[in-house]
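>>> no FASTA, just this:
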């Protein structure tokens, strides 16, 4: 299957099979993740790793670190939920990273906003139109 042909088919309102829709949806998720992650890394590149105050960063590979997990689609592409982190801090020091990240979120966004994010966690899947909008916004 070709994602571009399927997108063209979707945008022209042609009938699509469930398999084609699922394939296109997965490809758009990947593209939205790629575009948004690059945008976060560019936004935060001068700030350095989010956990730099509590750990010695050993790896300079850029990551888009999520405070609320990525599988919660409501926050996967939320600018307030994401920050730049090095690979070692984001991947290998998860407990320490979570504690510091929570403190950072409270300091940066105030407790009320953090509480609001925590209470609005849901796993509703985004539509294809929503994914296209995310991709266009962060390109």
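That came through fine. This structure is a prediction, so every number in the text was calculated from the model and none was measured. Numbers count the residues shown, from 1 in each chain.

>>> ends of stretch 83-98, how far apart?
12 Å (Cα to Cα, to the nearest Å).

>>> what is the rounded mean pLDDT of that stretch?
The average pLDDT within stretch 83-98 is 72.

>>> before we move on, what about stretch 124-138?
Rounded mean pLDDT across stretch 124-138 is 91.

>>> and the contacts of it?
10, 21, 24-25, 28-29, 31-32, 35-36, 38-39, 73-74, 77 (Cβ atoms under 8 Å, 6 or more residues apart in numbering). In short, each C-beta sits where N, CA and C put it, glycine included.

>>> so which of the residues you listed sit within helices?
Mapping the contacts of stretch 124-138 onto helices (DSSP state H) picks out 10, 21, 24-25, 28-29, 31-32, 35-36, 38-39, 73-74.

>>> counting neighbours, which of those end up buried?
With neighbours counted by 16 or more other Cβ atoms under 10 Å, those contain buried members at 10, 24, 25, 28, 29, 31, 32, 35, 36, 39, 73.

>>> ok, back up a step: point out the least confident one among the contacts of stretch 124-138.
Among the contacts of stretch 124-138, residue 74 has the weakest pLDDT, 81.

>>> over to residue 68: give its phi and psi.
phi -90, psi 130 (degrees, to the nearest 10).

>>> what about the closest residue in space to it that isn't next to it in sequence, how many residues nearby?
Nearest non-adjacent residue to residue 68, counting by Cβ to Cβ, 6 or more residues apart in numbering: residue 75, 4.3 Å away. Look at residue 75: counted by other Cβ atoms under 10 Å, it has 20 neighbours.

>>> this protein: helices as residue ranges?
Counting by DSSP H, the helices of the chain are 3-11, 18-44, 73-76, 87-92, 94-119, 128-138.

>>> quick one: contacts for the nearest residue to residue 7 once chain neighbours are set aside?
Spatial nearest neighbour of residue 7, excluding adjacent residues (Cβ to Cβ, 6+ apart): residue 24 at 6.3 Å. By Cβ under 8 Å, 6+ apart, residue 24 lies in contact with 3, 6, 7, 10, 16, 128.

>>> give me that answer again for 7 Å
3, 6, 7, 10, 128 (Cβ atoms under 7 Å, 6 or more residues apart in numbering).
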